[in-house]
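Trainee: Provided below for reference: sequence and predicted model.
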Amino acid sequence: MNPSITQGARAITKPQMIDRINDIAWQAHQGSVAAIIQLLNEKLTKSGVRTRAIFSDGVLQLLCEAANIEQLEQSPLVEQIQEILESIAPRNIRRVNINSRIVREQQLLWLKEISSDRENQLLWSQEITLTQPNIVKQLINDFTQAQAELGKPSFAKTPVSRSLVLVNKEKHKNKSKTKILAAVSLCSLLLLGWVVYAKLGNKIKNLIQPDTSKSLTTQTTKENQIRLPLITPNNTVAESPDDPFGTAVRIANQASASGKVATTSTEWLEIAARWQRASDLMSTVPKNHNRYQEAKIRTQLYKKYSESAQKEAQKTKS
């Protein structure tokens, strides 16, 4: 045989073998039951366990057979199978029902037989749930695989094999570039989502805060914008029949200050009475007063404060 042809055959055989293994792993990852069984049987060869599988009703029904019971010990076998399947990470397969029995002749309808008579057909049966792979980890794995394919060593190029190897290399390079672009795009989307959440997260939280907090803040701001008279040293307010608005404001100012230090039920009842008195005075402001509309608002506001103080008195009393 021509030496150059022999060298070319050797140069092509190894990449073909690598491609075949990669294809099986990829098919298994995509959810191919036949590829999954092939990988399982390769991993379980040393333990003497042979597997079959059928995907039915959203569950991968897996049958494990061996020559003797010792090879089908439940705990280590289930753990080994779960580890293999989670490393494959088959798409759309989460639930796996593992069945075991002593090896028998080939049976095409084995699932129907074990379903109809589990006690006599099986040694044991256990359902497991595969852990869903982390999307970031999967992206990293795809990116690593793509880099590995780009970094494969080139084989000796003979006159006969040169064109075939170059075509095969270009095919893998294009496929790898596509994987890298897909992985980079997904990573960019994840990063963009994280940035948007980091920028707008607090604003979204602020938008869903209770309306009551917002209204109370507005009312407090309005109160601060109004210049209120100071409280007299003896903590009393002289009522003026000529200016009910001003008198009510002074009483309200006194009640507000007292509410900051009140601790007993009696003190809260006194505060409630002051707020009520302020509300009553505000209600007497005549329509021709230049702050009549504001007086109407304050009348309702002071009344609510009086009710709140009464509730605090009840809480303190109990």
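Mentor: Structure's in. What do you need? Numbering: from 1, shown residues only.
Trainee: low pLDDT regions in this structure?
Mentor: Along the chain, segments meeting pLDDT under 70 span 1-22, 106, 133-179, 182-184, 187, 193-241, 318.
Trainee: name the residues that touch the helix or strand harbouring residue 51?
Mentor: Assigned by DSSP states H and E, residue 51 belongs to strand 50-56. For strand 50-56, contacts defined as C-beta atoms under 8 Å, 6 or more residues apart in numbering pick out 31, 33, 36-37, 40-41, 44, 60-66, 93, 103, 110-111. In short, each C-beta sits where N, CA and C put it, glycine included.
Trainee: look up how far residue 97 lies from residue 262.
Mentor: Distance of residue 262 to residue 97, computed by C-beta to C-beta, to the nearest Å: 67 Å.
Trainee: then residue 60?
Mentor: Shown here: residue 60 relative to residue 97, a distance of 7 Å by C-beta to C-beta.
Trainee: neighbour count for those two, which is higher?
Mentor: For residue 60 versus residue 97, the count of surrounding residues by other C-beta atoms under 10 Å is larger for residue 60: 23 against 16.
Trainee: check which helix or strand covers the more buried one.
Mentor: Assigned by DSSP H and E, residue 60 belongs to strand 59-66.
Trainee: tell me what angle the strand holding residue 51 forms with strand 59-66.
Mentor: For strand 50-56 against strand 59-66, the angle by axes from the mean of the first three to the mean of the last three C-alpha atoms, to 10 degrees is 160 degrees.
Trainee: partners of strand 50-56 in the sheet?
Mentor: Here strand 50-56 has these sheet partners by DSSP bridges: strand 59-66 (antiparallel).
Trainee: pull the residues that contact the strand it pairs with.
Mentor: 33, 36, 40, 44, 47-55, 72, 77, 81, 90, 93, 95-104, 110-111, 114, 127.
Trainee: buried ones in that strand?
Mentor: Going by neighbour count (16 or more other C-beta atoms under 10 Å), the buried part of strand 59-66 is 60-66.
Trainee: which helices and strands does the helix or strand that it is followed by pack with?
Mentor: Where DSSP H and E defines the elements, the next helix or strand beyond strand 59-66 is helix 74-88. The contact analysis (3 or more C-beta pairs under 8 Å, 6 or more residues apart in numbering; DSSP states H and E) places helix 74-88 against helix 3-29, helix 33-43, strand 59-66, strand 95-102, strand 124-129.
Trainee: mind listing what's buried in the helix or strand where residue 312 lies?
Mentor: Assigned by DSSP H and E, residue 312 belongs to helix 292-317. Neighbour counts over helix 292-317 (16+ other C-beta under 10 Å) mark 295, 298-299, 301-303, 305-306, 309-310, 312-313 as buried.
Trainee: show me which of those residues is closest to residue 192.
Mentor: Distance to residue 192 across these (C-beta to C-beta) is lowest for residue 301, with 46.5 Å.
Trainee: ok, that closest one to residue 264 distance?
Mentor: Per C-beta to C-beta, residue 301 is found 25 Å from residue 264.
Trainee: can you map out the helices along the stretch 201-318 of the chain?
Mentor: For the stretch 201-318 of the chain, helices defined by DSSP state H, counting those that start in this stretch occupy the ranges 211-225, 244-259, 265-282, 292-317.
Trainee: to residue 27, which of those helices lies closest?
Mentor: helix 211-225 (56.5 Å).
Trainee: circling back: among the buried residues of helix 292-317, which one sits closest to residue 286?
Mentor: residue 295 (9.1 Å).
Trainee: how far away is that closest one from residue 283?
Mentor: As judged by C-beta to C-beta, residue 295 and residue 283 stand 8 Å apart.
Trainee: same deal with residue 266?
Mentor: Distance from residue 266 to residue 283, by C-beta to C-beta: 26 Å.
Trainee: next one: residue 259
Mentor: Separation of residue 259 from residue 283 (C-beta to C-beta) stands at 21 Å.
Trainee: what do you get for residue 58?
Mentor: According to C-beta to C-beta, residue 58 and residue 283 sit 70 Å apart.
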